[in-house]
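Enquirer: Build me a structure from this.
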Amino acid sequence: MNGAIIGFGQAARHGHWPAYAESRELSIVAVVDRTEERRLLAASLDPALRTYASLEDLAAAETIDFLDICTPPALHHDPMRAALARGWHVVCEKPFVLDPAQLAAVRVTAEARQLAVVPVHNWKFAPIVRDATERLRQGAIGRLERVEVETERLRDFQGADPARPNWRRDPAIAGGGILMDHGWHAVYLVLQWFEALPREIDARFHRPAPDAVEDEADVRLAFACGEATIRLTWNGTIRRNAIRLVGDGGSITIADDRLIVERADNREVVTYPAALSSSSHHADWFAAFVPSIAGYFNHPALSRAVLEEAAACLDIIQRAYLVGRSRCPGPPVPGRRSDV
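Expert: The predicted model follows:
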């Protein structure tokens, strides 16, 4: 199948494009970007790659099967709707769409036109995460009771557009702060591991100013059979990721590049070549995801589950924001900043 990328920023350039270039299932034949600089960059990667300034120009000149949306979050819905109207499948970077009503409309259109709409939940395809998930499913630590996710960054990631390099701190574009950005990954991983929706949500946030997006988040999700805690910061002292799965028979810890499996009778440590926090683009993870994307395009009904996963992520994050706004400022969470 042939497709086009819209929004040739860092994620597209360093994450998606290299994976498609190696794929035998999906091929990118065109790039759409509003800036001439990034169109020239895309063209320099492959002489056969055609570039366009708008979706209208693309549709007038090309026959494609799918659109890969890599624009900032607030700019996801319009190209998604336009792609579905033209009969194209869609793959879209997180956080997918920011409005539940828009997501509902996308769901209806995709089902009516038998098209696949696939969120890029690529952390599932990190080798160390896949290993942890497989061990959990095989019963290595018994019944899952608790998940702890920690993401520490030195600052928010800079965008490729010089006109708005800090769009992740603009709520009108990003839809939120670090919870909507990094937290989206944490939420879909937790949903995958518990295989359920949370019963309760609690959240605390730090904001550098009352009208700013949150740069730190502490979220607790209570499930029927356990709980998850998600702690995120853009004010860290190091760049790192840590995940711990605790079951009634042991634990699995992801300490960036190490997978540690502990049971009463043994302890196993596996070291991976790259840390979970080693980059922001992860072309190898997206490459591992591409066969699944192709499968969804060939059998659109199979994509409904991942679309509903994205819907659940949006609902949980927006409910967390509501809880955070309703909470009165109180004492700081241990080891964290106080609420604002």
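Enquirer: any idea how far the residue in the chain sticking out farthest from the centre lies from residue 141?
Expert: Within the chain, the residue lying farthest from the chain centre (CA atoms, centre = their mean) is residue 265, at 36.0 Å. Remark: distance between residue 265 and residue 141 (CB to CB, to the nearest Å) = 12 Å. Every C-beta, even on glycine, is put in place using the N, C-alpha and C of the backbone.
Enquirer: Residue 267 too?
Expert: According to CB to CB, residue 267 stands 12 Å off from residue 141.
Enquirer: Can you pick out the residue with more neighbours from the two?
Expert: Higher neighbour count among residue 267 and residue 141: residue 141, with 21 against 11, using other CB atoms under 10 Å.
Enquirer: In a strand, the more buried one, correct?
Expert: No - applying DSSP: H, G, I helix; E, B strand; the rest coil, one finds residue 141 to be coil, outside a strand.
Enquirer: Show me what the closest residue to residue 50 other than its chain neighbours bridges to in the sheet.
Expert: Nearest residue to residue 50, sequence neighbours excluded (CB to CB, 6 or more residues apart in numbering): residue 30, at 4.7 Å. Beta bridges link residue 30 to residue 4, residue 50, judged by DSSP bridges.
Enquirer: Got the domain ranges for the chain?
Expert: When the chain is parsed with automatic domain parsing, its domains come out as 2-122, 124-280+303-326.
Enquirer: Any chance of those domains in JSON lines with mean pLDDT and distance to residue 291 as columns?
Expert: Shown next, in JSON lines, are the domains of the chain (pLDDT from 0 to 100; distance: least, CB to CB, whole Å):
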{"stretch": "domain 2-122", "mean pLDDT": "96", "distance to residue 291": "6"}
{"stretch": "domain 124-280+303-326", "mean pLDDT": "92", "distance to residue 291": "10"}
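Enquirer: Which one of those lies nearest to residue 297?
Expert: domain 2-122 (4.6 Å; CB to CB).
Enquirer: roughly how far is the longest helix belonging to the chain from the heart of the chain?
Expert: Identified as the longest helix of the chain according to DSSP state H is helix 304-326. For helix 304-326, the separation from the chain centroid amounts to 13 Å (computed by CA atoms, centre = their mean, to the nearest Å).
Enquirer: Can you give me the buried ones in that helix?
Expert: Going by neighbour count (16 or more other CB atoms under 10 Å), the buried part of helix 304-326 is 306-307, 309-311, 313-321, 323-324.
Enquirer: Considering the residues you listed, which is situated nearest to residue 115?
Expert: residue 307 (10.7 Å).
Enquirer: just checking, that closest one touches residue 110?
Expert: Yes - using CB atoms under 8 Å, residue 307 is in contact with residue 110, at 7.1 Å.
Enquirer: what is in contact with those two at once?
Expert: Counting by CB atoms under 8 Å, 6 or more residues apart in numbering, the common neighbours of residue 307 and residue 110 are residue 117.
Enquirer: Residue 53: which of the buried residues of helix 304-326 is nearest?
Expert: Nearest to residue 53 among the buried residues of helix 304-326 is residue 310, at 28.4 Å by CB to CB.
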